[in-house]
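In: predicted structure and sequence below. I'll ask about it afterward.
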Amino acid sequence: MNEKKVLLGIAAGTLAISAGLGWLLYSTWEEIGQTEIQIEEKRTDLEAARKKTEQVKGLEDQVIVLRESVAALASVLPTQQEVEDFVKAMSGFAKDKNVRLTEVRPKSGGGGRTGQSKVFERIGYQLKTEATLSNFLAFLNRVESFKRFVIVPYLKLSNGARSNSEETFVTTDANHTVEFDIETYAYNPAKGGVREPIPNYEARRTQLREEIDHKKETIEQPAVEWSDQKNRRDIFVDPRTPPTDANQLSLEQQQELVAKLQLRVEELTSLFAEFSDPQLNIMRRFEIQAIFDEKVGPVEADAARVEKEKVLTVDALRRSWRGTVSEPLKKVRAGLKDLGTVGPSARELSDLLVRARDLVRAGQVREAIDFMKPVLERAPSFEQDAVRAPYVAELRKLDREARVAQRFEDKKVMLGGIIVEPQRKVAVVNNRTMEPGDSVDDELTVADISEDGVTFVLDEVQITKKW
């Protein structure tokens, strides 16, 4: 019995211990679960805090970029005084572009002088003008390209009509009435708020330098260069072709006429641009002058006939004609008159003479003749100058010798052999035995025979053909 009691006691104790341990494990496991939940909540809180920190950092970066861009903003946004000066300057813009400015008034809700209660104060004006489409667009570009920021948020155009003059070739462009708004923002830096400090501002500004520079470039965009196309069609005018009578050219014929003359004028314009280059080679200059002598007159005559006979009846073609034929042709003629024809200097003539002699000595007589031709054709305009006259005379002499040498080449003289003895000189010329003094033909005579060639005389010029 005593042994059984001992065993039962041990068993009961073991059960009690096991129950206690189980309860302890359960309590610990539950505490671990609660702790893990708390840890996860803390992690969520930390992640939210991290995101907020990143958001704050991002906002701080934006503030840094904007703060550093304020100077650029100040360069494009006008002060109140500059706005007033700009409004006064618009009348000058209009006069410069031949635009009639009929009305300028402050825009309700944002015009005229303000109390400057804000850092950026919106200012606007309403304008009304009368002008051709081309002139208005040029004026509008001038307004929008002002040194300070200006936008045009509203525009209304009431189209006008063209009028044709029976007395002249000119068609009057249509004058349109245009109403439009302009707006800008006056910059008042004194109205800015207190700046909040940003940690590590200098270092972060350095890191953001590229973004800051990009922001400044975006703000400081250069003004658009206005390239007015004078001959483009006015889209606010009826483009339909008026009826023509049986004696007038058809539309296709008129278009072909303008196109052909345009190509001829474009050639002259291109040549004149080349001719105006002070570094242009003197020979090329003479070549272009020769082309002008040949082509400018006929083109001007054809253009004058078109205008005198009023061949063109379509407004669009008349505009194209003025922009691509009439006005460019006048510019070429005026430019030629301004440049004049002074000819080459004495030094340039000397260089030309040396080059021509080298070509003749090298046997390139045809090239030498072509080389001297444009100079000699123009020589009468400058050879009266005592300094240049000797060079012109030498060029003429060399040109004559080269032309004689060319005639000699054309005769195709052939040498078959040479015998030079103390008492006799003989050469085989074109399969005939000849001595000095013999004639090859009516023009060519053998002047002398040497061991290395035969000298001929042609038109009083001696020419040696080597053996």
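Out: Arrived safely, thanks for sending.

In: contact partners of stretch 131-146?
Out: When contacts are defined by C-beta atoms under 8 Å, 6 or more residues apart in numbering, stretch 131-146 is touched by residues 86, 89-90, 93-94, 96-100, 129, 150-152, 173-176, 178, 180, 182, 223-224, 226, 228, 230, 232, 234-236. Using the backbone N, CA and C atoms, a C-beta is placed for each residue, glycine as well.

In: tell me the average confidence for that stretch?
Out: Model confidence over stretch 131-146, given as mean pLDDT, is 83.

In: list the buried residues of it.
Out: 131-143, 146 (16 or more other C-beta atoms under 10 Å).

In: those residues in strands, which ones?
Out: Secondary structure assignment (DSSP state E) places residue 131 from the buried residues of stretch 131-146 within strands.

In: now, which of the buried residues of stretch 131-146 sits nearest residue 259?
Out: residue 134 (22.6 Å; C-beta to C-beta).

In: what's the local residue count around residue 186?
Out: Here the number of neighbours of residue 186 (other C-beta atoms under 10 Å) works out to 22.

In: quickly find the element holding it.
Out: For residue 186, the element it lies in under DSSP states H and E is strand 176-187.

In: test my guess that residue 436 contacts residue 447.
Out: Yes. Contact status for residue 436 versus residue 447: in contact at 6.4 Å, counting by C-beta atoms under 8 Å.

In: now the helix or strand just after the strand holding residue 186: buried residues?
Out: Where DSSP H and E defines the elements, the next helix or strand beyond strand 176-187 is helix 201-207. Judged by neighbour count using 16+ other C-beta under 10 Å, the buried positions of helix 201-207 are residue 205.

In: alpha carbons of helix 201-207, as CSV, please.
Out: Presented in CSV, the C-alpha positions along helix 201-207 are these (Å, rounded to 0.1, in the frame of the first residue of the first chain):
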residue,chain,number,x,y,z
TYR,A,201,19.8,72.5,-48.1
GLU,A,202,23.2,73.2,-49.8
ALA,A,203,24.1,69.5,-50.3
ARG,A,204,20.6,68.7,-51.7
ARG,A,205,20.7,71.7,-54.0
THR,A,206,23.9,70.4,-55.5
GLN,A,207,22.3,66.9,-56.0
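
In: next one: that helix to chain centre, how far?
Out: Taking the mean C-alpha point of helix 201-207 and that of its whole chain, the gap between them comes to 40 Å (C-alpha atoms, centre = their mean, to the nearest Å).

In: repeat for stretch 403-420
Out: The gap between the average C-alpha position of stretch 403-420 and the chain average comes to 57 Å, counting by C-alpha atoms, centre = their mean.

In: and the contacts of that stretch?
Out: Among residues not part of stretch 403-420, those counted as contacts by C-beta under 8 Å, 6+ apart are 360, 365-366, 369, 425-431, 440-441, 443-444, 449-451, 453-454, 456, 458-459, 461, 463, 465, 467.

In: pLDDT of it, averaged?
Out: Stretch 403-420 shows an average pLDDT of 90 in the prediction.

In: span of that stretch from start to end?
Out: The first and last residues of stretch 403-420 sit 30 Å apart, counting by C-alpha to C-alpha, to the nearest Å.

In: got the buried residues for it?
Out: Neighbour-count burial for stretch 403-420 flags 403-405, 407-408, 413, 418 (criterion: 16+ other C-beta under 10 Å).

In: returning to what we had before: buried stuff in the strand holding residue 186?
Out: Of the residues in strand 176-187, those buried by neighbour count under the rule 16+ other C-beta under 10 Å are 176-178, 180-187.

In: next: stretch 443-459.
Out: 444-446, 449, 454, 456-458.

In: need those residues in TSV with secondary structure, can you?
Out: Output for the buried residues of stretch 443-459, formatted as TSV (DSSP: H, G, I helix; E, B strand; the rest coil):
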residue	secondary structure
444	strand
445	strand
446	strand
449	strand
454	strand
456	strand
457	strand
458	strand
